[in-house]
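[1] predicted model, plus sequence, below.
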Amino acid sequence: MSLAARLRATARGVALALLTAGFYALWAAGSLLARRSPAARARWRDFNFRHWARAVVALLGVEIETAGRPPRPPFLLVANHLGYLDIVVLASRVDAVFVSRGDVAGWPVVGRLCRAMDTLFVDRGRRSDVPRAVAEIADRLAAGRGVVLFPEGTSSDGAAVGPFRPPLLEAATRCGLGVSYAALAYQTAPPDPPAATAVCWWGKMTFLPHVGRLLGLSGIRARVAFGEQTVREADRKRLARRLRAEVQGLLGRQRVEPEPRPGAVPLEAAGGHR
């Protein structure tokens, strides 16, 4: 990492910590005032999460290009998963709770923040935990909330979309909802490292060093494409296959670049979240 990147990462790291602490304090104060109204608490939580995400996007120099219309609650939205930045990018565009792997709940600081934002945790390694998670997702949908799910169950470098796991999709069929979908892709510009390693968090990458590299990037271009229609299937396995095909189709169309802008580089790998 160059000296300029190290200085940029340090400054952004300090700013991110202060920004997050400020929004957390604001959320806690408002939640205390709205403690007798679950609906008001949910609206306050969505407001803070959305504006925190937008502030983080600006801080990191993320330029987001959006295609299609984001869904309106209640919805279950699925997307390819490229890394923790996916959550920030999507949270800046939709009001929703996110489904995360179970061990994140125990992470220092991060776990506490995720719980405060009503994240739903699921231990995919225990089949017995899936029915509970499905019920919680269905409860949020029935209450008029939006839920974001990454059905690959892992992250990648964005070279391909992995198989979608069907069990958690049952929540949408319980509520009689079609499933919305979106495709995510990232790009960095030279001399920064490619998005597949600097933005996407996957494989055996260590979290904190990766965050440092991401904070040091000069800028990130994110592309989010929302599907035009929801997908419905009575069988959750067919639903998973159809959704994966739709996301792959969106990614294929994203990789067809429009007229290049001055200094633009070809779109590189989109990435995933573990």
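    The structure has been received and is ready for your questions.

[2] so which bits of the least confident helix or strand in the chain by mean pLDDT are buried?
    Of all regular secondary-structure elements in the chain, judged by mean pLDDT, DSSP states H and E, the least confident is helix 170-175 with a mean of 88. Within helix 170-175, the residues that qualify as buried by neighbour count (16 or more other C-beta atoms under 10 Å) are 170, 171, 172, 173. The C-beta positions use only the backbone N, C-alpha and C, and glycine is treated the same way.

[3] the first one contacts residue 236, correct?
    Yes - with contacts defined as C-beta atoms under 8 Å, residue 170 counts as touching residue 236 at a distance of 5.3 Å.

[4] name the residues that touch the helix or strand where residue 136 lies?
    Secondary structure here is read from DSSP states H and E; on that basis residue 136 sits in helix 129-142. Where contact means C-beta atoms under 8 Å, 6 or more residues apart in numbering, the residues beyond helix 129-142 that reach it are 74-76, 97, 99, 102, 120-124, 147, 149, 167-168, 170-172, 174-175, 177.

[5] quick revisit: so what strands line up beside the helix or strand that the least confident helix or strand of the chain is followed by?
    Elements were assigned by DSSP H and E; along the chain past helix 170-175, the next helix or strand is strand 180-187. Applying DSSP bridges, strand 180-187 is found paired with strand 75-79 (parallel), strand 220-226 (antiparallel).

[6] and stretch 159-168, how far from the chain's centre?
    From the chain centre to the centre of stretch 159-168 is a distance of 15 Å (C-alpha atoms, centre = their mean, to the nearest Å).

[7] need the contact list for residue 120.
    With contacts defined as C-beta under 8 Å, 6+ apart, the neighbours of residue 120 are 97, 98, 99, 100, 133, 136, 137, 140, 147.

[8] and it, its phi and psi?
    Dihedral angles phi and psi of residue 120 (degrees, to the nearest 10) take the values phi -100, psi 120.

[9] now the spatially most central residue of the chain: which helix or strand?
    Taking C-alpha atoms, centre = their mean, the centroid of the chain lies closest to residue 87, which sits 2.4 Å from it. Take DSSP H and E as the rule and residue 87 turns out to sit in helix 85-91.

[10] any idea of the mean pLDDT for that helix?
    pLDDT averaged over helix 85-91 equals 97, rounded to a whole number.

[11] what separates whichever helix or strand comes after it from the chain centre, distance-wise?
    Remark: after helix 85-91, the chain's next helix or strand is strand 97-101, criterion DSSP H and E. Between the centre of strand 97-101 and the centre of its chain there are 9 Å (C-alpha atoms, centre = their mean).

[12] state the mean pLDDT of strand 97-101.
    Across strand 97-101, pLDDT averages out at 94.

[13] point out where the chain drops to low pLDDT.
    Using pLDDT under 70 as the threshold, the predicted model of the chain has low-confidence ranges 254-274.

[14] wait, doesn't residue 212 sit right on residue 9?
    Yes - Residue 212 is within contact range of residue 9, at 5.3 Å (criterion: C-beta under 8 Å).

[15] where along this protein do the helices fall?
    Secondary structure of the chain (DSSP state H): helices at 3-33, 38-59, 85-91, 110-116, 129-142, 170-175, 195-198, 207-215, 236-254.
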